[in-house]
Each structure stands twice: as structure tokens, then as C-alpha cells.
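**Q** missing the sequence, but the structure's below:
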Ligand code: PMP
């Protein structure tokens, strides 16, 4: 028998598998609101004009294809951290930053670093989180637990329970926070709540682990979306931070990201960086260069940065507008439910409160595809399909 005869067929990825099923559906009315990659107003994949320009400039330079260093493109590493912290705060910190294989790779590095150097490698995740978080951390040998975050009965943040749970954590515990545009719920703490959370982290001596996958993509304003991270750092906390340029620069397949450990001294940052290199070398040796060159060029060229900021407003604005249209269309379809939470949520996703049964019915009767938790990727919506989605949502929830 073949060596692999006993290998069982694994389940499809719960999110990426949806597109597969959608592709196979012969219905001309089918709608894919499963996967989170931006689509323009006509439902087409979108390459940012600022990215196209940066690409052309880079191509014109006839650069070589030598390996990046283990820690990645030097200018990219500082540009990415400066983008996260803002230029003033950036000057004040001691940081170990490495380029990563987008946000996923940054999270994996976070896990690997914690497993090696944290006395208790465990990360508390919000209850409701991106379903890949625990898989990435567990694969790195880090255990995961959860703290209360989402209140299903009100489709909002249960801030009191969140604080209660964090207050019970042992000093030093790592706690994962979505820096902005919480995935899947679209529900973020307010700025006042972030301030209160920073106090909790300080008094309890917790380690903030920020996952920032949507900076600038949520509100259209990168500084506003970075409020939580910057505030925590200003308060003297030393978070670890993962960044992704997949959404905000539309660089999905280029895999551009960064992983940072904020340290107390320069010597500490240097030692941490040396250890991150030891983690990276046997894993993938060094990161890809092309996407990092594009991102660096945009971040370090003021005219292109300005153009890109306009594109961030365009993308986030289209999502905000589709939220308003979806609520209008639900009312027009005859729904008398209160859907106001849809416009209160922020970022790529609308957490609809629909159950797995509703989602199944949407798929079987209406050829509408979304994750079983009722998460609607707003970027899959256009003026051409939002009415049909609203009518179907009303039909299954009335
Ligand atoms: N964290 C969160 C919360 C996300 O939603 C995503 C993208 N879906 C990521 C990290 C990482 O994505 P990527 O690896 O494509 O940067």
C-alpha cells in the first residue's frame, strides 16, 4: 500500500472553503459575502492606484533580487512601525521589529516568541475572534483561553464582563486585542473604553498583544485606527504588535506585514531582535521582497502617501455607505427588526446576529454564502446585489 493511504481527507478551511462552494453554485443570482478581500463598486478585485504607481517606479529601478536579510527590508521595518505609532512616539520607543509574512506570519512569530520566552505561554483571546487566531497560536505551541467580549443578546460589546475577566488574569498574562475593526463582530471599544482598558492592563500588569490588520481601512484615518495601540504605548505599556498591509494597501497576496516587540531598553530590543532572527531562519529564512518594496515606497514618498490616504477613505467610505444601504434595503424589504447595529459596526465585517440555521437557509434557498456565524463581508456588497441580500435576510429572519 502507498505510504499515504491512511491520510484522511481534511476539512476545507471554514472561510476560504466558502468561495469554493460559491464558485460551484450554478445560480446566476449567487452572492459571496464570505471572504474578506475588498471589491470595488462593481464587485471587482481592486488594485490601489498608489500601489500601481509604486510598482512602476520600483520596476523602473531595475533592482536586484538578492535575499532580504533575515529580519526583512530595513526601511520597511521602520516605516511600518512609524505608521503604527506615529512619528513622535516612534522616536521614543525601543522596538524589535521584523518584516513578516503578512499578519498571519506576524501572529505566528508572536506565538513562537512567547513559547520560547514567556514564563507562561498562553494568550487570552476575545470570545468571538478571528477563527484562525487559536490555530496559529496553538500551532506555535501556545495555549489559548478566552475572555468575554461579545454580547449576543444585544449584538454589542460586553465591556463590564471584559474588564471583569481581564482583572482576573495573572500578572504577565498575554491578552490579544484587535487594534481596530474587530473581526468578526465589527464592534470596537470606544476611545474612553480603551483608556479604561489601558489602566486595567497597567494595574494588572498584563501584556497587550495587539493584532492590527486593518489600520486605516476601518475609519479611513490611520491615526484614528491606531488610537488604542498609541494610547497603550503612551501609558508606558510595552505591547507586542502584529501588522498587516493586506487590507489597507490591498497587498493581500504579496504577504506584507510586521511583527514588533516593544521593549524597555535598547539592549533588550537588540536581544529580542536577535532571537526573532533565530526563530525566522529555520522557518522561512527571510521574507519576500516585492511587497515590502511597494509598501515602503508608498509610506516614504509623501505624494504617494497622500494619494494612498485618499484611497483608504474611498474603500472605508464605500463600506460605510453599503452599511447604510443594507439597513435601508432591509426596511424596504419589510423588515421591522432593529438593524441599527449594522451602521454602528466598523470595518470589513457586519456581524448580523443571524444563526447557523439562518445562514444555511440563505445558502440553500438564496445562493448567498457567508460564514456560519452570520458574518457578512461588507466588501462583497454592491448596489447591484444589496437589495437581493436584504430581501433574503428578511425572508429567513422574519
Ligand atoms: N488578523 C485578523 C483579525 C484578520 O482579520 C486577518 C485577515 N483576515 C489577519 C490577522 C491576517 O491576515 P493576513 O495574513 O492576510 O495579513
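**A** Structure received. Bear in mind the structure is a predicted one, so any value in this text is a computation, not a measurement. Numbering: from 1, shown residues only.

**Q** who's in contact with residue 238?
**A** Counting by Cβ atoms under 8 Å, 6 or more residues apart in numbering, residue 238 makes contact with 207, 261, 262, 263, 264. All C-beta spots, glycine's among them, are computed from the backbone N, C-alpha and C.

**Q** which non-adjacent residue is nearest the fourth one?
**A** Counting by Cβ to Cβ, 6 or more residues apart in numbering, residue 269 is the residue found nearest to residue 263 once chain neighbours are left out, at 4.2 Å.

**Q** Pull the number of nearby residues for the one you found.
**A** By the measure other Cβ atoms under 10 Å, the count of residues near residue 269 is 19.

**Q** how far away is the residue of the stretch 151-300 of the chain found nearest the ligand from residue 208?
**A** Here the residue of the stretch 151-300 of the chain nearest the ligand is residue 244; by Cβ to the nearest ligand atom that distance is 3.1 Å. The span separating residue 244 from residue 208 equals 17 Å under the rule Cβ to Cβ, to the nearest Å.

**Q** out of these two, which sits in the busier spot?
**A** Using other Cβ under 10 Å as the criterion, residue 244 and residue 208 rank with residue 244 on top: 28 against 23.

**Q** In space, what's closest to that one - neighbours in sequence excluded?
**A** Once chain neighbours are set aside, the closest to residue 244 by Cβ to Cβ, 6+ apart is residue 103, at 3.0 Å.

**Q** what about the one you found, neighbour count?
**A** The local packing count at residue 103 equals 26, with neighbours defined by other Cβ under 10 Å.

**Q** What residues does this structure have near the ligand?
**A** On the criterion Cβ under 6 Å from any ligand atom, the ligand has as its neighbours in the chain the residues 36, 102, 103, 104, 130, 178, 183, 211, 213, 244, 246, 257.

**Q** 5 Å instead, please
**A** Proximity of the chain to the ligand is assessed by Cβ under 5 Å from any ligand atom, with 102, 103, 104, 130, 183, 211, 213, 244, 246 identified as the residues in range.

**Q** Give me the nearest residue to the last one, chain neighbours excluded.
**A** Translated: residue 246. Excluding the flanking residues, the one nearest residue 246 by Cβ to Cβ, 6+ apart is residue 252, at 4.6 Å.

**Q** mind listing what that neighbour touches?
**A** With contacts defined as Cβ under 8 Å, 6+ apart, residue 252 is in contact with 37, 102, 246.

**Q** and of those residues, the nearest to residue 324?
**A** Nearest to residue 324 among the contacts of residue 252 is residue 37, at 21.9 Å by Cβ to Cβ.

**Q** so the closest one touches residue 45, yeah?
**A** Yes: counting by Cβ atoms under 8 Å, residue 37 does reach residue 45; the two are 6.9 Å apart.

**Q** The two: which has the busier surroundings?
**A** Comparing residue 37 with residue 45 by neighbour count (other Cβ under 10 Å), the higher total belongs to residue 37, at 16 against 10.

**Q** Counting neighbours, what do you get for the residue lying closest to residue 30 once chain neighbours are set aside?
**A** Excluding the flanking residues, the one nearest residue 30 by Cβ to Cβ, 6+ apart is residue 367, at 3.9 Å. Other residues near residue 367 number 18, with proximity taken as other Cβ under 10 Å.

**Q** Just want to check the distance between residue 367 and the ligand.
**A** If you measure residue 367 against the ligand using Cβ to the nearest ligand atom, to the nearest Å, the figure is 24 Å.

**Q** if we can go back for a sec, quick check: pLDDT value at the residue nearest to residue 263.
**A** What the model reports as pLDDT for residue 269 is 98.

**Q** Phi and psi next, for residue 374.
**A** Summarising the backbone geometry of residue 374 under the convention degrees, to the nearest 10, its torsions are phi 80, psi 20.

**Q** now, the most widely separated pair of the residues of the chain next to the ligand?
**A** Distance extremes for these: the farthest pair is 102 and 183 at 14.3 Å, using Cβ to Cβ.

**Q** Look at the two and report which has more neighbours.
**A** More neighbours sit around residue 102 than around the other of residue 102 and residue 183, counting by other Cβ under 10 Å; the figures are 25 against 22.

**Q** That one and residue 248 touch, don't they?
**A** No: using Cβ under 8 Å, residue 102 and residue 248 do not qualify as a contacting pair, with a distance of 11.7 Å.

**Q** Among the contacts of residue 252, name the ones in helices.
**A** Counting by DSSP state H, those place residue 102 in helices.

**Q** Give me the residue at the spatial middle of this protein.
**A** For the chain, the residue sitting closest to the mean C-alpha position, by Cα atoms, centre = their mean, is residue 213 at 3.0 Å.

**Q** Can you name the residues that contact that one?
**A** 103, 178, 179, 181, 183, 242, 243, 244, 246, 247.

**Q** from those residues, which is closest to residue 349?
**A** Out of the contacts of residue 213, the member with the shortest distance to residue 349 (by Cβ to Cβ) is residue 183, at 5.8 Å.

**Q** returning to what we had before: want to throw the residues of the chain next to the ligand into TSV with distance to residue 64 and pLDDT?
**A** Below are those laid out as TSV (distance: Cβ to Cβ, whole Å; pLDDT from 0 to 100):
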residue	distance to residue 64	pLDDT
102	24	98
103	28	98
104	28	98
130	37	95
183	37	96
211	34	98
213	31	98
244	27	98
246	26	97
